[in-house]
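Peer 1: fold the following and give me the result.
(chains A and B)
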Amino acid sequence: MDAPAAPPAAPANPAGSLPTAGRPGPLAVLFGPVFLKEMLVLGRHRSTYWTRAGFVLLLAGVAALVFFGATADASRLPGASALQTLQRVAPLLANVLGFLQLTAITLVAPGLASSAVCDEKRARTLPTLVTTPLSALQIVGGKLTARLAQLMLLVISAAPLLLSVRVFGGLDAEFVAASVALTLGSALATAALALLFSTWHTRAAAAAAFALATYGLLTVAPFFTAMAIGQFRAPPPWFVTATSPFLCLSALLGGGRIVVAPGVGTTQLWLIGAAYQIAIGIAAAALAAASLRRVMLREAAGRPDPGGEGPAPAAAGDGTPAPAVPATKKRPSSRTLTGSPVFWREYRRPAVKSRTARRTLVASVLLGLVWLYTHLPFHSEELHYTVALVSVGVLALLNAQSAPGAVGVEREARTWDALLTSRLSPASILFAKAGAAVARVWYIPAYALAHFGVAAFAGFVHPIFFLHLTLILFACGLLPVCTGLVLGLAVRKATTASSLNLLVLVGLWLVFPVLVGLMGSLAPPAGRHALKPLADAGLAINPFPMIVFALGPALRTPSLAYWPRYEWLGRDDLDPLGFSVILAGSFGALSVIGLVALLVAARRFNRLTDRPS
Amino acid sequence: MIEITDLTHRYGSLVALDRLTLHIGPGEVFGFIGPNGAGKSTAMKILACLLRPTAGDARVCGHRVHDSGDAIRGLVGYMPDFLGVYEDLTVDEYLQFFAAAFRIPARNGKRAAVVDSVLQLTDLTAKRHAMVDSLSRGMQQRLGVARVLLHEPQVLLLDEPASGLDPRARIELRSLLTELRNMGKCIMVSSHILTELAEMSTSIGIIERGTLLFAGPIGEAFARAGAGERIAVTLEGGPADARAIAADLASDPRVRSVAAEDRSLTIELAPAVNGHHFLIEAVIARGGRIASFTPRPLKLEEAFLRLTRGAVN
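Peer 2: Purely as a prediction, here's the structure:
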């Protein structure tokens, strides 16, 4: 009997192509070896457990605050009223937890996914992956699914809290379903975007920042654009509202059955909103797979290897010339260092390394500004509000994201040890980094102040707003830098520190006032009275309402011949001096808190960095 | 210059350094040898004031690492095993940065002169305006050496400085270290390439699982390891002759071991046995005809292998 014919030898992979082993099924794509490896690695990271514990503690803490705030005086009320108070707590708690969960997951997901490919690039393991039969889609799918599993665990860990709310009364099932669907959709979208940027960047912190910025563009920008087109007078079309998970969830709070547009109810709105998030996630993941394929091929072919002394890649056997290894990059001359070395270097550190990305970013911002100034007349209040609010928001966000990287990126690039063996004192390192981080974004305050300088000169805004805006911009630029540097020192990973820093700002300027407001609205008069100082303080340190308080009178009384009168805490005739003192006090306090935190970090620098002295 | 007494460092439950005691004097090049994870880098990081020891005492030029960090940083040049470089600076800017960080004043062109001199010393002048992230590994290592020399430190702590260097760069590094030793600097250098360490070190320390197994001159290491001189003898006769002679030599107390392979004998003398004449006499007395007789110098690898057990943390 003849021996069976040997199967034909598998054709060698042609040069420059990835090995493939047939088309993998969906399960192999999502739960293949990459998924298992990622789960193992994530399971070994202590930060995974800290994140889970922190997430549950945050939700529990907020829930406890809301509950105790809302029921503080319930025991002194007659039985029926006390019961009514408790019943009102249930939907409130569910709403707060829903929004908080959505916010936290949206911020955590990019931090978790941004290192997915960056770490492989740094460890130089991508060429090893090329030699396996894994496809780029399997790698992206596995990495994404592993991170989504972690995020789902976070969402599930909050479930007992939501379920416990049922004890106090009715819970809107649709709100819970919408909250979970939108949260998971948002997690998929932000994680996939972070993975996409992770293939394009070498630094995880940069990938996370770009992912968040892109997500903001995809979910917030359409709403504001539509509002600006309608000159902030007409609500935007329903499909624009559906792009933002926060707006979808807010629509549900209005009683559950609001008709958003003819034939479109809130249910359809959040369903379409969740579908939009999932679509973003799938598109980003597909793009990430396509990008990763190119990145892997480039790495396998021998990318420019600044760290390797190895020989140049040999020519392929078929005569294909070896990819050229570029020569050392040179500049015609070197700059001369002046002043503090840390400030000098930090100030020149490019926020975006790629020249193309930098040009694209600048062009986009310029286009946006041109669009804004051509659509809104210069005398319109909406234009001035937009400029002031967006400038402050962007400044705070940029600094919150980039400041922790000033330490974290040095740690990841392993330049931190070299710096710590120099004779620079901790204070000189930290304060120089803080100063440089504030100075690096000079163009935002410069633009905002130039805008209002022209507006004041043209007689549209009272010049005193110039002073008020300066105070707010200074504090909003400094505080996130100081907290970011402290977190960058305390937390090893730059992305984690950035996410935590963003959470600090979100907590201070969004969660805190919302909580106090909700607690106040539920509390009986005595409790409301007790909460008032807290609410006032929360308002005074919040730049967004304070801009509204400061800009409104300045727009209504633009003439230098009169002084604007300000509204503040029920009074409507506060003079400019009094209001300026309040602003200087509250935002000065924020700046001082930031500087004190930095000073404490400088004093405890050796303990934080494990230096003996 | 370096005095370490009962130095202990733990990472959680892992003992990275276990009561390390060591003294290194001026002008000494101390080769620190040990397997990966033995505790070499931990000891160097403590001396560079980058790591707080769990217990024990470490002093550099009389200054305790516990409380004299600033003074020590002025005296020590530490080069980590992996040199991280700032991506967006040229070689000149990178060195200017660290010169400023070491408080070298820019007045009267002093900083520029210092940068010039270290660039010349490390042969990097031609790369002065090159971006540091585009330098090859060897060039980056040179830049690392240039950086630690900026403030003229008395003590150099070099963690694996030769890793990733090509043969030419290694030879250059060796001559550079010899030059620095001649300048009276105390150098502590770790490397996996033991032949290099043997050539450039005046003394060595062998560490395993955080415990110092030996510290002292290289000759003493051989004696401690019980490693004797080796001689390769090739006979003109056949393998049977070689085996017979090997069997006879094995009973000689001056011979530690004999291995016969084909017509060749590899003989290891007992420690502290000097002179080979008795071997020649013994071979001839047994009727052997010597084709070649080659004494082999002692190798640090042999002492290292004998003193360590290959255990890692």
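Peer 1: can you give me the buried ones in the biggest helix by length in chain B?
Peer 2: Counting residues, the longest helix in chain B under DSSP state H turns out to be helix B:167-182. Using 16 or more other CB atoms under 10 Å in any protein chain shown as the test for burial, helix B:167-182 gives B:169-170, B:172-174, B:176-177, B:180-181. Backbone N, C-alpha and C define where each C-beta goes, glycine included.
Peer 1: now render the residues you listed as a markdown table, adding pLDDT.
Peer 2: Formatted as a markdown table, the buried residues of helix B:167-182 follow (pLDDT from 0 to 100):
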| residue | pLDDT |
| --- | --- |
| B:169 | 77 |
| B:170 | 80 |
| B:172 | 79 |
| B:173 | 80 |
| B:174 | 82 |
| B:176 | 82 |
| B:177 | 83 |
| B:180 | 84 |
| B:181 | 84 |
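Peer 1: chain A next: which of these are close?
Peer 2: Residues of the buried residues of helix B:167-182 in contact with chain A (CB under 8 Å from any CB of the partner chain): residue B:169.
Peer 1: in what helix or strand does residue 189 lie?
Peer 2: No chain was given, so I picked chain A. helix A:173-200 (DSSP states H and E).
Peer 1: sorry, I should have been clearer: chain B.
Peer 2: Using DSSP H and E, residue B:189 falls in strand B:186-190.
Peer 1: all strands in chain B, in order from the N-terminus.
Peer 2: Per DSSP state E, chain B carries strands over the ranges B:2-11, B:14-24, B:29-33, B:55-60, B:63-64, B:76-79, B:155-159, B:186-190, B:203-208, B:211-216, B:230-235, B:255-261, B:264-269, B:290-296.
Peer 1: chain A: which of these is closest?
Peer 2: Closest to chain A of those, according to CB to the nearest CB: strand B:76-79, at 4.7 Å.
Peer 1: tell me the pLDDT at the closest residue to chain B within the stretch 151-300 of chain A?
Peer 2: Here the stretch 151-300 of chain A gets closest to chain B at one residue, residue A:202, 9.0 Å apart by CB to the nearest CB. Per-residue pLDDT puts residue A:202 at 80.
Peer 1: got it, and the one 5 residues further on?
Peer 2: The predicted structure scores residue A:207 at 87 on the pLDDT scale.
Peer 1: count of neighbours near it?
Peer 2: Residues near residue A:207, counting by other CB atoms under 10 Å in any protein chain shown, number 28.
Peer 1: contact partners for it?
Peer 2: Residue A:207 sits next to A:110, A:114-115, A:118, A:194, A:197-198, A:200-201 when contact means CB atoms under 8 Å, 6 or more residues apart in numbering or on different chains.
Peer 1: who wins on neighbours among those?
Peer 2: Result: residue A:114 is most packed of the contacts of residue A:207 (other CB under 10 Å), 35 neighbours.
Peer 1: quick one on the thing from earlier: off-centre distance for the longest helix of chain B?
Peer 2: Mean-position distance between helix B:167-182 and its chain equals 12 Å (CA atoms, centre = their mean, to the nearest Å).
Peer 1: and the contacts of it?
Peer 2: With CB under 8 Å, 6+ apart, helix B:167-182 has contacts from A:309, B:27-29, B:121-123, B:138, B:141-142, B:145, B:149, B:156, B:158, B:161-162, B:165, B:187, B:189, B:193, B:196, B:199-200, B:202.
Peer 1: now, which of those residues lie within helices?
Peer 2: Per DSSP H, these map to helices at B:121, B:138, B:141-142, B:145, B:149, B:196, B:199-200.
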